[in-house]
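> With the input below, show me the fold.
(chains A and B)
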2 protein chains.
Amino acid sequence: MAGETTARRRPTGRRAGDSGTRDAILDAALALFAEHGYDGASLRAIAGAAGVDPALVRHFFGDKETLFATAVADRTTIPLQVLSQLGGDPSSAGRALTTAYLRVWEDPGTRPVVLALVRSATASPRAAEMLRDTLMSRAADQPGMTPERLRHIALAAAHLFGVAVARHVLKARPIADLTVEELVDEVAPTIQRYLTGTHRGPDL
Amino acid sequence: MAGETTARRRPTGRRAGDSGTRDAILDAALALFAEHGYDGASLRAIAGAAGVDPALVRHFFGDKETLFATAVADRTTIPLQVLSQLGGDPSSAGRALTTAYLRVWEDPGTRPVVLALVRSATASPRAAEMLRDTLMSRAADQPGMTPERLRHIALAAAHLFGVAVARHVLKARPIADLTVEELVDEVAPTIQRYLTGTHRGPDL
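Predicted coordinates:
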């Protein structure tokens, strides 16, 4: 990545291959987006937290939207971690997906990231658009995907998202008071029905 | 409400019974919270939009948090509109609740209000706390409520919330492209299972 081409693109002499700097900016971006939301985290503040000049952030990432999208795409394997559960045993995919998704929210290392995504997407239509496009293209890329299966996965994901927000953002008591295991027991059967397309009946 | 007592409390002579002014402030508050989120809407901007002095907003509502809580409590019958569906025929309560909830998000008159709630609650822990407490106390006040039923209703509400955010905030395509009727058909059976406590099986 570094070398001649890079040197020509960056006449100041700063190395494009300075992945430590790039990483520091992305780390700072994720932290500040989580803390202040998409609109509240400025490029200047992110640069300050990363210990670099704001011009360098613009140099690497262009605008704030691109920085956000890059941070999500580069720094979170979360969508793939969760989506990979769809490739296992179909009879237990509902429980596997529910467990994997809720664990992302329980984990102190990944919770700030998903909180940043939620706050960004609710605060900015452009952020919502980038998040949607990233998630949808990753879901659509899964093996054996059909429009019907994508609809079922989207309904399951919407359900899991709502439960996570109730638990971790609103901290609504019945849901926030359950252990993760109890919550999985409550929710996984429904996720399983969505994944198998049996959610509309005939058990009612 | 107006008269002697009021006049004593407000020595400037401005009438406490000036419900038009109070209404204008609450209208402006809801509009600006929807547009800028909880943190982005300042008391000063709300006062400006309502055509009053910021001191008058503080006089009526104290601080911004109280203004928000008052706006939600006074201006949205949404929680009660939705929760009232729980009092009807139990065999069709899932469909009734799903339809009532999703209609609130479809209606151009109420959508800004629920968007304001979502944006506020995700941007500010204090706003989330007030929203949670308002919603939980209204749900807990429903006739015949038990801890188990409250848990089931919370799971149903979390699901509906996730679907609404996927459709109206993220605008995720499979869910955003369905008609409301199609979406109700997809989701209502699950909501019905939560309300009847049959969501954990035995149909898997």
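> Could I get the phi/psi values of residue A:56?
phi -70, psi -30 (degrees, to the nearest 10).
> since we're on it, how many residues are nearby?
18 (other C-beta atoms under 10 Å in any protein chain shown). From N, CA and C alone the C-beta is placed, and that goes for glycine too.
> again, but for residue A:107
13.
> ok, now residue A:68?
25.
> distance of the residue in chain A that chain B sits nearest to from residue A:62?
Proximity of chain A to chain B (C-beta to the nearest C-beta) peaks at residue A:162, 2.5 Å away. Using C-beta to C-beta, to the nearest Å, we find residue A:162 at a distance of 33 Å from residue A:62.
> mind listing the helices for chain A?
Secondary structure of chain A (DSSP state H): helices at A:4-9, A:19-40, A:43-50, A:54-61, A:64-75, A:78-83, A:93-106, A:111-123, A:125-140, A:147-168, A:173-177, A:180-196.
> Lowest average pLDDT across those helices?
Mean pLDDT is lowest for helix A:4-9 among these, at a mean of 35.
> Using the record's assignment, carve chain A into domains.
A:2-74, A:78-200 (automatic domain parsing).
> With respect to burial, which of those domains scores highest?
domain A:78-200 (a mean of 19; mean count of other C-beta atoms under 10 Å in any protein chain shown).
> pretty sure residue A:74 is in contact with residue A:27, am I right?
No. Assessed by C-beta atoms under 8 Å, residue A:74 is found out of contact with residue A:27, at 10.8 Å.
> contacting residues for the nearest residue to residue A:111 once chain neighbours are set aside?
Leaving aside its chain neighbours, residue A:111 sits nearest to residue A:105 (5.7 Å; criterion: C-beta to C-beta, 6 or more residues apart in numbering or on different chains). Counting by C-beta atoms under 8 Å, 6 or more residues apart in numbering or on different chains, residue A:105 touches A:111, A:114, A:164, A:167-168.
> go with 10 Å
Residues near residue A:105 by C-beta atoms under 10 Å, 6 or more residues apart in numbering or on different chains: A:78, A:111, A:113-115, A:118, A:160-161, A:163-165, A:167-169, A:180.
> Same check on residue A:167?
Shown in contact with residue A:167 (C-beta under 10 Å, 6+ apart): A:102, A:105-106, A:173-178, A:180, A:183, B:154, B:158.
> Distance to residue B:52 added to those, as a markdown table?
Output for those, formatted as a markdown table (distance: C-beta to C-beta, whole Å):
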| residue | distance to residue B:52 |
| --- | --- |
| A:102 | 46 |
| A:105 | 42 |
| A:106 | 46 |
| A:173 | 37 |
| A:174 | 40 |
| A:175 | 40 |
| A:176 | 38 |
| A:177 | 42 |
| A:178 | 45 |
| A:180 | 48 |
| A:183 | 46 |
| B:154 | 39 |
| B:158 | 38 |
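> Pick out the most distant pair among the residues you listed.
A:106 and B:154 (18.1 Å; C-beta to C-beta).
> contacts for stretch A:41-57?
Residues contacting stretch A:41-57 (C-beta under 10 Å, 6+ apart): A:10, A:12, A:14, A:18, A:21-36, A:58-61, A:63-64, A:67-68, A:71, A:116, A:119-120.
> Quick check: end-to-end length of that stretch?
Stretch A:41-57 has its terminal residues 13 Å apart, counting by C-alpha to C-alpha, to the nearest Å.
> likewise stretch A:168-175?
Where stretch A:168-175 begins and where it ends lie 9 Å apart, using C-alpha to C-alpha.
> hmm, it touching chain B?
Yes. Using C-beta under 10 Å from any C-beta of the partner chain, stretch A:168-175 reaches chain B at A:168-175.
> on that earlier part again, near chain B too, which of the contacts of stretch A:41-57?
Among these, chain B is touched by A:36, A:119-120 when using C-beta under 10 Å from any C-beta.
> Could you check how far stretch A:46-58 is from the centre of its chain?
23 Å (C-alpha atoms, centre = their mean, to the nearest Å).
> And stretch A:181-196, by the same measure?
Centre-to-centre, stretch A:181-196 and its host chain are 21 Å apart (C-alpha atoms, centre = their mean).
> what does stretch A:162-173 give?
Using C-alpha atoms, centre = their mean, the offset of stretch A:162-173 from its chain centre is 17 Å.
> That stretch: end-to-end distance?
14 Å.
> Stretch A:69-84 too?
21 Å.
> cool, stretch A:57-71 as well?
12 Å.
> Could you dump the residues of stretch A:168-175 next to chain B into JSON lines with distance to residue B:48 added?
What follows is the residues of stretch A:168-175 next to chain B, written out as JSON lines (distance: C-beta to C-beta, whole Å):
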{"residue": "A:168", "distance to residue B:48": "35"}
{"residue": "A:169", "distance to residue B:48": "30"}
{"residue": "A:170", "distance to residue B:48": "30"}
{"residue": "A:171", "distance to residue B:48": "33"}
{"residue": "A:172", "distance to residue B:48": "34"}
{"residue": "A:173", "distance to residue B:48": "38"}
{"residue": "A:174", "distance to residue B:48": "41"}
{"residue": "A:175", "distance to residue B:48": "39"}
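> farthest-separated two in the residues you listed?
The span of the residues of stretch A:168-175 next to chain B, defined through C-beta to C-beta, is set by A:169 and A:174 at 15.1 Å.
> Next up, the contacts around residue A:70.
A:22, A:25-26, A:29, A:60-62, A:130.
> With residue A:99 instead?
Neighbouring residues of residue A:99 by C-beta under 10 Å, 6+ apart: A:82, A:85, A:92, A:180-181, A:183-184, A:187-188, A:191.
> rerun at 7 Å
residue A:184 (C-beta atoms under 7 Å, 6 or more residues apart in numbering or on different chains).
> re earlier: closest to residue A:149 among the contacts of residue A:167?
After measuring the contacts of residue A:167 against residue A:149 - C-beta to C-beta - the closest member comes out as residue A:102, at 21.8 Å.
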